[in-house]
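Asks: below are the sequence and a predicted model; questions follow.
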Amino acid sequence: MDYTNDGLQNSPGDRPFQGYAGFWKRYAASFIDGIILTIMFICMGLVFGVVLQATAGIVIMFNMVIGWLFFALFESSSAQATPGKMAVGIKVTDMAGNRISFGRASGRQFGQILSSLILGVGYIMAAFTQKKQGLHDIVSGCLVVNKSASRTGTVVTAIVCPIGTIISAFILFSAALFPAIGNAVLRANMTTMGARAKDIYISIIGANTEREPLGLDPIWPKTGKKMEQGDDISKMTFENSSDYFSVLYDADRMTSPESWSPYVVYFDFSKCAGAGVPVKQGAGRLTAENNAWTIAANITDDMLDIIPVIISRNVDPTSLIPKEGDLFQQRIRPSAFTTPFGQEGFVLIRKGGAMCTFSWRYGNLGVIYQGASEKELQQIREAFQKIKYLTP
C-alpha cells in the first residue's frame with residue numbers, strides 16, 4: 001500500500017508522516033539537542049582539557065567532531081532523528097520521504113554553517129518556506145516531517161518552547177552585555193595592578209627620600225659595570241627586573257629574620273603578581289614567572305616626569321621611544337608576554353608618579369606623551385639614550 005502526503009510518496013516499509021514539521025517543533029528539538037550536546041562538550045572538555053592536558057584548540061576540534069557525528073549518525077539511523085527530534089515526534093527524510101544516508105546527513109549538518117553565517121536567517125526560513133525547509137535542508141535536499149499524529153510531541157513542544165525562548169533570550173542578552181562586562185573586568189584588573197605598581201614606585205621613592213640625608217645614592221636600578229665596590233643596592237647593576245626586586249626585598253635572607261633587611265617598606269612579591277601572573281610561593285628569589293613588571297634603569301633626577309618608569313611586562317619597552325613625526329601614528333608594540341592583560345591593555349607608572357591604564361586600541365605614543373612640547377620630546381629622546389628597561 002502506498003501512502004502519500006502533499007504529493008510525496010513514501011517507500012514501502014516507511015511509516016507515513018503527518019505533514020512537515022513546523023518551526024516551533026524544530027526549535028524545541030534543537031533546544032533539547034543543545035542541552036545534550038552542551039553536557040557532552042563540558043564532559044569532553046574536562047576529560048581532554050583537565051585530565052589529558054590537551055590544548056584549547058584540540059578540545060574545540062574534538063567537540064566539533066562530536067557535534068557532527070551526533071547529528072549525522074542519529075539522523076541517518078533507523079530512527080531518522082536526534083533525541084530532541086524524537087522527543088517532539090519529528091524526523092529527517094530525503095525529498096521522497098525516505099531515510100537519508102550518513103553522507104547526506106553530514107551534508108545537512110555542514111549546511112548549517114551557511115544558515116548560521118547569515119545571522120541565523122537560514123534557520124528562520126523554516127517558518128516561511130512551503131515545505132518548512134531551512135537553508136541547510138534545501139542545500140542538502142532534506143525534509144523534516146512529523147512522524148505521526150501523536151499529541152506527545154505537541155505537548156513536549158508546548159512545554160519546551162517557552163522555557164527555551166526565555167533561556168535563549170537571556171543568553172542573547174548576556175552575549176550583548178559580554179563586551180561591556182569583559183571591559184569592566186579588564187578595567188578593574190588594570191586598576192588593581194596599577195595600584196600595585198604605584199606601591200612599588202612609592203616604596204622606591206620613599207627609600208630614596210630617607211637615603212638622601214644620609215648621603216646614600218638612590219636605589220633605582222642601574223645597568224653596566226659597577227663604579228664602586230660595596231654591597232649596597234646603589235652599587236649593584238642588574239640585567240632583569242626580577243633580580244632587582246629580589247635584592248630590593250632582600251630575598252636571599254628572608255628566612256633569617258635577624259639579618260633580613262629589605263631596602264623598602266610596604267613591598268613584597270605580591271606586588272609583582274596579578275591578572276594572570278601567579279604569586280611567588282615560599283622563600284627565595286623572584287622569577288620571571290611571578291613578575292608582571294618591567295622597570296626603567298639608570299633613572300636620574302633631571303629626567304622629565306612624563307617618562308614611564310614601571311610598565312606591565314606585556315609591552316615592548318623599545319616601542320616607547322618617541323621618533324620624529326606624528327606620535328599618534330607611532331604604535332606601542334606588545335611583548336612576548338601574554339599576561340597580564342594579553343592584547344587588551346597595559347599599565348604604566350610615570351617618573352612623576354602618575355598611574356596610567358591604556359587600551360591597546362589607543363596604544364600610541366601620542367597618548368603616552370600627549371601635551372609634551374617639541375623641546376620636551378627632544379629631552380625624552382636624550383633620556384632614552386641612557387635608560388634601559390629591565391624586563392622580567
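Replies: Everything's here; your move.

Asks: tell me which element the closest residue to residue 146 other than its chain neighbours is part of?
Replies: Ranked by C-beta to C-beta, 6 or more residues apart in numbering and with sequence neighbours excluded, the top spatial neighbour of residue 146 is residue 18, at 4.3 Å. Bear in mind the C-beta positions are built from the backbone N, C-alpha and C, glycine included. Using DSSP states H and E, residue 18 sits within no helix or strand.

Asks: give me the number of residues near residue 18?
Replies: Residue 18 has 16 neighbours, counted by other C-beta atoms under 10 Å.

Asks: tell me the spacing between it and residue 147.
Replies: Residue 18 sits 8 Å away from residue 147, going by C-beta to C-beta, to the nearest Å.

Asks: and for residue 239?
Replies: Per C-beta to C-beta, residue 239 is found 74 Å from residue 147.

Asks: what of residue 154?
Replies: 12 Å.

Asks: what do those two both touch?
Replies: residue 89 (C-beta atoms under 8 Å, 6 or more residues apart in numbering).

Asks: neighbour-wise, which of these two wins?
Replies: The neighbour comparison of residue 154 against residue 147 (other C-beta under 10 Å) goes to residue 147, with 20 against 17.

Asks: thinking that one is in contact with residue 92, fair?
Replies: No - Residue 147 lies out of contact with residue 92 (C-beta atoms under 8 Å); the separation is 10.8 Å.

Asks: which phi and psi values does residue 198 adopt?
Replies: Geometry field for residue 198 lists phi and psi as phi -60, psi -40, criterion degrees, to the nearest 10.

Asks: also the one 5 residues further on?
Replies: For residue 203, the backbone dihedrals (degrees, to the nearest 10) come out as phi -60, psi -40.

Asks: what's the pLDDT at it?
Replies: Here, the pLDDT recorded for residue 203 equals 94.

Asks: contacts only, for it.
Replies: Residue 203 sits next to 248, 264, 265, 266, 267 when contact means C-beta under 8 Å, 6+ apart.

Asks: same question for residue 199.
Replies: 266, 267, 271.

Asks: closest to the centroid, which residue in the protein?
Replies: Centroid-nearest residue in the chain: residue 342, 8.1 Å away (criterion: C-alpha atoms, centre = their mean).

Asks: doesn't residue 342 make contact with residue 360?
Replies: No - the pair residue 360 / residue 342 is not scored as a contact, 9.0 Å apart, by C-beta under 8 Å.

Asks: my read: residue 67 touches residue 37, true?
Replies: Yes - the criterion here is C-beta under 8 Å, and residue 67 meets it with residue 37 at 6.0 Å.

Asks: now do the strands in the protein.
Replies: 4-5, 8-9, 90-94, 142-146, 293-297, 308-312, 345-350, 355-359, 388-390 (DSSP state E).

Asks: okay, those in TSV with distance to residue 200, mean neighbour count and mean pLDDT next?
Replies: Formatted as TSV, these follow (distance: least, C-beta to C-beta, whole Å; neighbours: other C-beta atoms under 10 Å; pLDDT from 0 to 100):
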stretch	distance to residue 200	mean neighbour count	mean pLDDT
strand 4-5	76	12	42
strand 8-9	75	15	46
strand 90-94	63	23	94
strand 142-146	63	23	94
strand 293-297	7	25	96
strand 308-312	6	25	96
strand 345-350	8	24	93
strand 355-359	11	17	90
strand 388-390	13	20	95
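
Asks: ok, what's across the strand from the closest residue to residue 19 other than its chain neighbours?
Replies: Closest residue in space to residue 19, ignoring its immediate chain neighbours: residue 146 at 5.4 Å, by C-beta to C-beta, 6+ apart. Judged by DSSP bridges, the bridge partners of residue 146 are residue 90.

Asks: how much space between residue 146 and residue 193?
Replies: From residue 146 across to residue 193, the span is 58 Å (C-beta to C-beta).

Asks: check contacts around the closest residue to residue 261 other than its chain neighbours.
Replies: Sequence neighbours aside, residue 250 is the residue nearest to residue 261 in space, at 5.5 Å (criterion: C-beta to C-beta, 6+ apart). Contact analysis of residue 250 by C-beta under 8 Å, 6+ apart lists 260, 261, 262, 263.

Asks: now residue 66
Replies: Going by C-beta under 8 Å, 6+ apart, residue 66 touches 37, 40, 41, 44.

Asks: gap between it and residue 276?
Replies: 30 Å.

Asks: got it, and residue 96?
Replies: Using C-beta to C-beta, one gets 57 Å for the distance from residue 96 to residue 276.

Asks: who's more crowded, those two?
Replies: residue 276 (15 against 12).

Asks: can you list phi and psi of the nearest residue in space to that one that is not next to it in sequence for me?
Replies: Using C-beta to C-beta, 6+ apart and skipping residues adjacent in sequence, the residue nearest residue 276 is residue 339, 3.4 Å away. With angles defined as degrees, to the nearest 10, residue 339 sits at phi -130, psi 150.

Asks: who's in contact with residue 339?
Replies: Neighbouring residues of residue 339 by C-beta under 8 Å, 6+ apart: 275, 276, 277, 292, 313, 314.

Asks: tell me the contacts of the closest residue to the fourth one other than its chain neighbours?
Replies: By that I understand residue 292. Nearest-residue entry for residue 292: residue 277, 4.2 Å, with adjacent residues in sequence omitted and distances by C-beta to C-beta, 6+ apart. Residues counted as contacts of residue 277 (C-beta under 8 Å, 6+ apart) are 289, 290, 291, 292, 339, 340.

Asks: in the beta-sheet assignment, what are the partners of residue 277?
Replies: In beta-bridge terms (that is, DSSP bridges), residue 277 pairs with residue 274.

Asks: under the pLDDT cut-off, which ranges of the stretch 251-392 of the chain? List them.
Replies: For the stretch 251-392 of the chain, no stretch has pLDDT under 70.
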